[in-house]
Structure formats: C-alpha cells, structure tokens
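Trainee: Just the structure for this:
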Amino acid sequence: MKAARWYSAKDIRVEEVTEPKPAAGQVKIKVKWAGICGSDLHEYVAGPIFVPVKAPHPVSHDVAPIIMGHEFSGEVSEVGEGVERVKPGDRVVVEPILACGKCDACFHGKYNLCDNLGFHGLSGGGGGFAGYTTVGERWVHKMPEGLSFEQGALVEPAAVALHAVRISSLKAGGTAAVFGAGPIGLLVVEALKVAGASAIHVVELSPQRGAKAMELGATSIIDPSKENAAQRIRELTPGGVDVTFEVTGVPAVLQQCIDATRYEGETVIVSIWEKEAPFQPNTVVLKEKSLKGTIAYRDVFPAVMNLMVQGYFSAEKLVTKRIELDDIVAQGFDTLVAEKSQIKILVRSPD
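Mentor: Below is the predicted model:
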C-alpha cells in the first residue's frame, strides 16, 4: 500500500510499504480522510519533535522513517482476536494516543500526561497518511450516524480545542482572547462559543483567517501588525480578558497573551514550540496571573462528535483544500508553509 513517511525535516516520501495486519486486541482500519495538522507541519519544517529518530519510541517501538498522519477517519476492515466493541464495516475515528499505561499519570487515568506520551502517526505505530493502519481497540471510537468521513477527520483537532477550553478557568459569561487563528485557534473559538464566552477577541495577521474567525463566533479581530494587540484587548475588555489562549508557537506572542489578561487572569498555552519563549515573570507575579499548559486531550472524543452532530466544528467551514496522497508534499505541506490563507487540508486515502 502507499504511505507518506517522514525521514527527516523537509523529507517526506510517498512510497510502497507492507499493508499491516491486526494483532490481538487491534483494529485494522481502511483510512478514508486524514488532515494535515500543525504538529505535522512542525515535524516537516523543523522536526524531529515527536518523531523518534535516535532510539525507538518506548510505546510504539518504532524509529524513523515513520508513517505520518494522526487526524483521520475510516472504516473497520478487520479486527484482531479479542476485539468486541467494533466490527468490520463500522465507521470510526481514532484517538491517536500512545501511552505506556504504567506511569503515575496513566495510573490515575490522565493518559495524555503519560511519561512516555506519543502519537500514532507522529511517534510510530503506523499513521493515517496511508491506505490502512492498525490501532488498539481502546483508541477507536464509532462515529454517530450523519457524520461524514471528512467531518470525522476533524474530530482530533477539535478535541485539542475542546480539551483546552475545558481545563481553562473560563466560566460561562467570561471573556477570552485567542492568539492565532490557524485550524486549532479557530476550533478554540468555536469551543469558547460552546462554553458560553461573552467576548472572544482573536489576534491574527491573515485577513482570510480573521474573517473565518468572525464567521465562527469571534467578537473582534485584531491585526498585531497594525496595533498593539494586548493594549487593544484591554481597551475592548477593560482590564483584560479572563483567559487568553496561545495558539501560535511564536515566542514573542507569549508575553502578549499574559499582558492581555486581567489581574488573576490565565494564559493557556496550546501550541507545540520549536524554540524557547521568554517572558517577564513580574507580569505574572504582580497581578497573580497564571500560566497553564495543555497537551492533546483525554476522554473528550464522544463529546466532540456529539457537538459535531449539532453543527459545531463544521468541515464545510474549515476545510479549504482536498488533495490526494501522492500530492501531500507539494500541495499539502509546501502549500501550508507558503499560503497562510489555508486553514485545513485533507488528504484522501488511496483506494
């Protein structure tokens, strides 16, 4: 079968690989659609980050080159011995977590905080940029009726956004700012709308992404190249917002997020970072502000799909391009690097 494999930064190759077979407890899935994630783009531009290169990943036991793709939907084609929750023909999405199941975080059910955290399609195990993949039954979720395979490919990134808002201190009626209106930032805007935020200010350079944020429920759009974003937010929401969400991964933006919050406000860091980000601790200390990190998701995929059935996180509004697997580098990764107007690119799995 064909698969897109990461060899090193700027080196992803579509090539023939052996079609996987499900072991006991595993589910084999015929991939339908897979999304290119910001994390995938980080690996392409500046990796490795999650890709294991010097030693095998402790959970997947794989080392580069690895098949990429962790945002995907598909149909169960075969199940291994002992699998009971799904059967061939079921339409599913995959929660692409690799967790050891043995560390303290895993023992307490917080598997996304695993000491050996990895991601199926980033840390080995096979991925969604392929004809087929196999995953453990635990990580497979049936899709509700009425949810398309394209919509299913958005469940994973929407779960990142919903989890970030869920663990934040935001309460219904509270105010928020989102720095960065890429795919995850836009999904955070929708998640904030679901959570009952009364004001959602979005900081974004791209006019197209800014317009999309307004369509999805933002209160205002601020272009940081034209004005001081933190100052403008404090003018729009006197004193600053209750919670800011950092979704750019740009070092200078972290301080702006802190400055845009009110006293006792909170900054939630959603991004994966390629570089260190400096900030002045006194801007946190003197106003008793807080910083919180968030990684991935846990126990949220069913809630995301239920919200999708209600019309939230719509693929029709977020997908800007659909491509074939053979074109994943030129029309996928390179396009996302060059065209900031792109939001979500989906890759069709080969038949």
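
Trainee: And for residue 165, the neighbour number?
Mentor: Counted with other Cβ atoms under 10 Å, the neighbours of residue 165 add up to 24. Just so you know, the C-beta spots here come from the backbone N, C-alpha and C atoms, and that holds for glycine as well.

Trainee: helix/strand/coil for it?
Mentor: For residue 165, the assignment made with DSSP: H, G, I helix; E, B strand; the rest coil gives helix.

Trainee: Tell me the secondary structure at the spatially closest residue to it that is not a sequence neighbour.
Mentor: Once flanking residues are discounted, residue 165 sits nearest to residue 191: 4.2 Å by Cβ to Cβ, 6 or more residues apart in numbering. Of the three states, residue 191 takes helix under three-state DSSP.

Trainee: again with residue 51
Mentor: Residue 51 ends up coil, using three-state DSSP.

Trainee: for it, phi and psi?
Mentor: phi -70, psi 130 (degrees, to the nearest 10).

Trainee: And residue 16, by the same measure?
Mentor: phi -80, psi 130.

Trainee: Correct me if wrong: it contacts residue 67.
Mentor: No. Contact criterion Cβ atoms under 8 Å: residue 16 and residue 67 do not qualify, at 11.9 Å.

Trainee: tell me, what's touching these two both at once?
Mentor: residue 3 (Cβ atoms under 8 Å, 6 or more residues apart in numbering).

Trainee: Between these two, which is the more surrounded one?
Mentor: Taking other Cβ under 10 Å, residue 16 and residue 67 do not tie; residue 67 has more neighbours (24 against 8).

Trainee: element containing the closest residue in space to that one that isn't next to it in sequence?
Mentor: For residue 67, ignoring the flanking residues on the chain, the nearest one in space by Cβ to Cβ, 6+ apart is residue 127 at 4.0 Å. Under the assignment given by DSSP states H and E, residue 127 is not contained in any helix or strand.

Trainee: same deal with residue 257?
Mentor: Under the criterion of DSSP H and E, residue 257 resides in helix 251-259.

Trainee: Same question for residue 93.
Mentor: Residue 93 belongs to strand 91-94, assigned by DSSP H and E.

Trainee: contact partners of that strand?
Mentor: Contacts of strand 91-94 (Cβ under 8 Å, 6+ apart): 27, 29, 70, 72-76, 86, 120, 128, 133, 135, 139-143, 147, 149, 152-153, 155-156, 301, 305.

Trainee: Count the neighbours of residue 226 for me.
Mentor: Residue 226 has 9 neighbouring residues, counting by other Cβ under 10 Å.

Trainee: Kindly report the same for residue 192.
Mentor: Applying other Cβ under 10 Å, I find that residue 192 has 31 neighbouring residues.

Trainee: ok, it - contacts?
Mentor: When contacts are counted by Cβ under 8 Å, 6+ apart, residue 192 touches 165, 170, 176, 178, 200, 217.

Trainee: 6 Å instead?
Mentor: Shown in contact with residue 192 (Cβ atoms under 6 Å, 6 or more residues apart in numbering): 165, 176, 200.

Trainee: Throw those residues into a markdown table and include pLDDT and distance to residue 94, thanks.
Mentor: Putting these into a markdown table (pLDDT from 0 to 100; distance: Cβ to Cβ, whole Å) gives the following:
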| residue | pLDDT | distance to residue 94 |
| --- | --- | --- |
| 165 | 98 | 22 |
| 176 | 98 | 30 |
| 200 | 98 | 30 |
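
Trainee: While we're on the residue most central in space within the chain, how confident is the model there?
Mentor: Nearest residue to the geometric centre of the chain (Cα atoms, centre = their mean): residue 157, 3.5 Å. Listed pLDDT for residue 157 reads 98.

Trainee: what's the answer for residue 275, then?
Mentor: Looking at residue 275, its pLDDT stands at 89.

Trainee: domain assignment for this protein?
Mentor: If you go by automatic domain parsing, the domain ranges for the chain are 2-154+313-348, 160-293.

Trainee: Quick one: buried ones out of the contacts of strand 91-94?
Mentor: 27, 29, 70, 72-74, 76, 86, 120, 128, 133, 135, 139-143, 147, 149, 152-153, 155-156, 301, 305 (16 or more other Cβ atoms under 10 Å).

Trainee: Could you list which of these belong to helices?
Mentor: Cross-referencing those against helices under DSSP state H gives 149, 152, 155-156, 301, 305.

Trainee: First-to-last residue distance for stretch 242-262?
Mentor: End-to-end distance of stretch 242-262: 6 Å, with Cα to Cα, to the nearest Å as the criterion.

Trainee: hmm, back to that, how about the residue nearest to residue 165, what does it touch?
Mentor: With Cβ under 6 Å, 6+ apart, residue 191 has these contacts: 161-162, 165.

Trainee: Tally up the residues packed near residue 306, please.
Mentor: For residue 306, using other Cβ under 10 Å, the count is 12.

Trainee: Chain neighbours aside, what residue packs nearest to it?
Mentor: Distances taken as Cβ to Cβ, 6+ apart place residue 144 nearest to residue 306, at 7.2 Å, with adjacent residues excluded.

Trainee: what's the neighbour count on the one you found?
Mentor: If you count neighbours by other Cβ under 10 Å, residue 144 ends up with 14.

Trainee: pretty sure it contacts residue 309?
Mentor: Yes. Using Cβ atoms under 6 Å, residue 144 makes contact with residue 309 at a distance of 5.4 Å.

Trainee: Report the backbone C-alpha coordinates of the strand holding residue 93 in PDB.
Mentor: Extracted as PDB, the C-alpha positions of strand 91-94 are listed here (Å, rounded to 0.1, in the frame of the first residue of the first chain):
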ATOM      1  CA  ARG A  91     -17.300   3.900  10.700                       C
ATOM      2  CA  VAL A  92     -14.700   5.100  13.100                       C
ATOM      3  CA  VAL A  93     -12.200   7.800  14.200                       C
ATOM      4  CA  VAL A  94      -9.000   7.200  16.100                       C
END
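
Trainee: If anything else comes up later, I'll come back, but that's it for now.
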